[in-house]
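Asker: Just need the structure, nothing else, for what follows:
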Amino acid sequence: MAIAFGFYMAWSIGANDAANAMGTSVGSKAVSFREAVIIAAIFEFAGAMIAGGGVADTMRSGIVDPALFADPTLFPAGNGAELFIWGMMASLISAALWLHIAAYLGWPVSTTHSIVGAITGFGAVSVGIANVEWLKLLTIAASWLTSPLLGGVLSFIIFLVIRKAILDAKNANLGLRLVSPILAMPVFMTLTLVLFTKGLKKLHGTFAEYGIGNIEMIGISALVGVLSSLVLAFAIRKIHIAADESSESKYAKIEKVFRYLQVITACFVAFAHGSNDVANSIGPVAAIVGTLETMDMTAGKVPIPSWVLLLGAVGIVVGLATYGYRVIETIGTKITEITPTRGFAAEFGAASTILIGSHFGIPLSTTHTVVGSVIGVGFARGMNALNLKIIINILKSWLYTIPFCGILTIILYYLFTAIFV
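Answerer: Below you'll find the predicted structure:
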């Protein structure tokens, strides 16, 4: 049951959350849906398998202490470990079901918030409301505001720079050749840092063994940024925009350059997503497997077996390929019209926000950040460029996530324990 529920959860993450990484690229027509699936399959799978391992929190984000299930005062019958297993089963299936429903409706919702809401409901009825870390839950819920706001502001600023310095510049030729490489440097430095801090965080201990600390990571990221800037400058040297060239032709040449940049940024985001969010599907599975093997509730974290990691990686890729088109359509076309320059600005804004959140320990939702970033680039063209009806529906879905998953988990927990315990 844990394997089946875990795969369904991974499938649901692929159908909903993984679509965020590729939504703007498909919406801007930088890649087709089929190409997006291939790119995401490679990088999501690689991220999950290369850097998604290590250990998983048995209780996501410390909402409930697993050691409580070994407390004889709370569980005098000594069945705490068994109840924990069924609680995690209920959490998995309710979070997966909510992600599936949201994907069907085209709502991009947070996987982390889904599993946190589910575990909150399970914790409240199993170890008591007093033992739930409500302050941590409020901190996570606060990211509903901070994630999209910060992502939106940064993307808004980045797109204004692109528009003023390149798209609307009197000398577009000079703007493209001069500003694009300058923009590429911080973009790829940021993406590499995101890769280190979020995508490869499970490997930090390995890096330390080779003497690679924070300063070295910043240095490597800066070097990647400089090299990327030089490569871009070399690649676009032959592009020429004449002074009397039509606006359509000028924009087509500029968007073509940013199309390639956007695809590269999407690859970074997909890898980071695969490595980081695979834990949302396989973490509870690893917790159930670890508990079944040892029945020890004192360990806060458990090792992730390779087969469990593979289960999550395959599930995410299959979910994106079979059902991700609905959320991709919402992100890429329904919120606002996306072009490669706008998509590039949105992905850079989202990546920068994720980096800032990781550095300061702020719990940010990748989904909310991407949506906020897309709204930001749309707002740069005025309120009329935004589909407010879609945005309001998305905001409502974010508010529904935690209570829906929490209540459904409680119902399933009582159902499972009545049948099996």
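
Asker: got a list of what the closest residue to His240 other than its chain neighbours touches?
Answerer: Leaving aside its chain neighbours, His240 sits nearest to Asn173 (6.1 Å; criterion: CB to CB, 6 or more residues apart in numbering). Where you see a C-beta, it was placed from the backbone N, CA and C, and this is true even at glycine. By CB atoms under 8 Å, 6 or more residues apart in numbering, the contact list for Asn173 reads 239-242.

Asker: which stretches of the stretch 301-421 of the chain aren't confidently modelled?
Answerer: With pLDDT under 70 as the threshold, the stretch 301-421 of the chain has low-confidence stretches at 301-303, 358, 361-363.

Asker: If you average pLDDT per helix and strand, which one of this structure comes out bottom?
Answerer: Within the chain, no helix or strand scores below strand 55-57, which has a mean of 52 by mean pLDDT, DSSP states H and E.

Asker: and the following helix or strand past it, what does it pack onto?
Answerer: Downstream of strand 55-57, the first helix or strand assigned by DSSP states H and E is helix 80-105. With contacts taken as 3 or more CB pairs under 8 Å, 6 or more residues apart in numbering; DSSP states H and E, helix 80-105 sits against helix 2-16, helix 111-126, helix 247-294, helix 325-329, helix 388-420.

Asker: can you pull the buried residues of helix 80-105?
Answerer: For helix 80-105, the neighbour count (16 or more other CB atoms under 10 Å) marks 80-103 as buried.

Asker: picking that back up, winner for burial among the helices and strands packed on helix 80-105?
Answerer: Per residue and on average, the most neighbours among these fall to helix 111-126, with a mean of 27 (mean count of other CB atoms under 10 Å).

Asker: centre of the chain versus the helix or strand just after that one, how much separation?
Answerer: Elements were assigned by DSSP H and E; along the chain past helix 111-126, the next helix or strand is helix 134-141. A distance of 19 Å separates the centroid of the chain from that of helix 134-141, by CA atoms, centre = their mean, to the nearest Å.

Asker: Can I get the contacts of Asn173 in CSV including neighbour count and pLDDT?
Answerer: Shown next, in CSV, are those (neighbours: other CB atoms under 10 Å; pLDDT from 0 to 100):
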residue, neighbour count, pLDDT
Ile239, 14, 85
His240, 11, 84
Ile241, 20, 84
Ala242, 10, 80
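
Asker: Let me know the closest of these to Ala165.
Answerer: Ranked by distance to Ala165 (CB to CB), the contacts of Asn173 are led by Ile241 at 13.6 Å.

Asker: give the contact list for the closest one.
Answerer: By CB under 8 Å, 6+ apart, the contact set of Ile241 is 172-173, 176, 249-250, 253-254.

Asker: That one and Phe188: what is the separation?
Answerer: The gap separating Ile241 from Phe188 is 24 Å, by CB to CB, to the nearest Å.

Asker: what's the answer for Gly87, then?
Answerer: Going from Gly87 to Phe188 by CB to CB gives 43 Å.

Asker: list the contacts for the residue most central in space within the chain?
Answerer: Nearest to the geometric centre of the chain sits Thr366, at 3.8 Å (CA atoms, centre = their mean). By CB under 8 Å, 6+ apart, the contact set of Thr366 is 17, 20, 110, 273, 276-277, 350, 354.

Asker: What score does Glu245 have for pLDDT?
Answerer: Confidence at Glu245, expressed as pLDDT, is 82.

Asker: my read is it is in a helix, agree?
Answerer: No - applying DSSP: H, G, I helix; E, B strand; the rest coil, one finds Glu245 to be coil, outside a helix.

Asker: Could you give the number of residues near it?
Answerer: By other CB atoms under 10 Å, the residues close to Glu245 number 15.

Asker: Now it: phi and psi?
Answerer: The phi and psi values for Glu245, taken as degrees, to the nearest 10, are phi -70, psi 140.

Asker: ok, now Pro76?
Answerer: With angles defined as degrees, to the nearest 10, Pro76 sits at phi -60, psi -20.

Asker: Thr322: neighbour count?
Answerer: Under the neighbour criterion other CB under 10 Å, Thr322 is assigned a count of 12.

Asker: Contact partners for the spatially closest residue to it that is not a sequence neighbour?
Answerer: Setting aside the residues directly before and after it, Thr322 is nearest to Ala15 in space (CB to CB, 6+ apart), at 7.3 Å. The neighbours of Ala15, taking CB under 8 Å, 6+ apart as the test, are 99-100, 103, 319-320, 322-324, 326-327.

Asker: Could you look up the SS state of Gly376?
Answerer: helix.

Asker: how many other residues sit next to it?
Answerer: Counted by other CB under 10 Å, the residues lying close to Gly376 total 28.

Asker: Same check on the one 3 residues further on?
Answerer: The number of residues packed around Phe379, counting by other CB under 10 Å, is 17.

Asker: hang on, Leu232 packs against Pro181?
Answerer: Yes - between Leu232 and Pro181 there is a contact under CB atoms under 8 Å: 4.9 Å.

Asker: Of those two, which one has the most company?
Answerer: Comparing Leu232 with Pro181 by other CB under 10 Å, the one with more neighbours is Leu232, at 23 against 19.

Asker: does the more buried one count as helix, strand or coil?
Answerer: Assigned with three-state DSSP, Leu232 falls in the helix class.

Asker: cool, the one 10 residues further on as well?
Answerer: In the three-state summary, Ala242 is assigned as coil, counting by three-state DSSP.

Asker: any idea how far it lies from Pro340?
Answerer: Per CB to CB, Ala242 is found 21 Å from Pro340.

Asker: right, and Met88 touches Pro284 too?
Answerer: Yes - between Met88 and Pro284 there is a contact at 4.6 Å, judged by CB under 8 Å.

Asker: Kindly point out which residues are neighbours of both of these two.
Answerer: By CB under 8 Å, 6+ apart, the residues touching both Met88 and Pro284 are Ala2.

Asker: what's near enough to touch the residue of the chain most remote from its centre?
Answerer: In the chain, Asp244 marks the outermost C-alpha relative to the chain mean, sitting 43.2 Å out by CA atoms, centre = their mean. By CB under 8 Å, 6+ apart, Asp244 lies in contact with nothing.

Asker: okay, now the closest residue to Val327 other than its chain neighbours: neighbour count?
Answerer: Among residues not flanking Val327 along the chain, Ala19 sits closest, at 3.9 Å (CB to CB, 6+ apart). Applying other CB under 10 Å, we find 31 residues neighbouring Ala19.

Asker: Which pLDDT does the model give Ala19?
Answerer: Ala19 is assigned a pLDDT of 77 by the prediction.

Asker: got the phi/psi numbers for it?
Answerer: Here is the backbone geometry of Ala19 (degrees, to the nearest 10): phi -60, psi -20.
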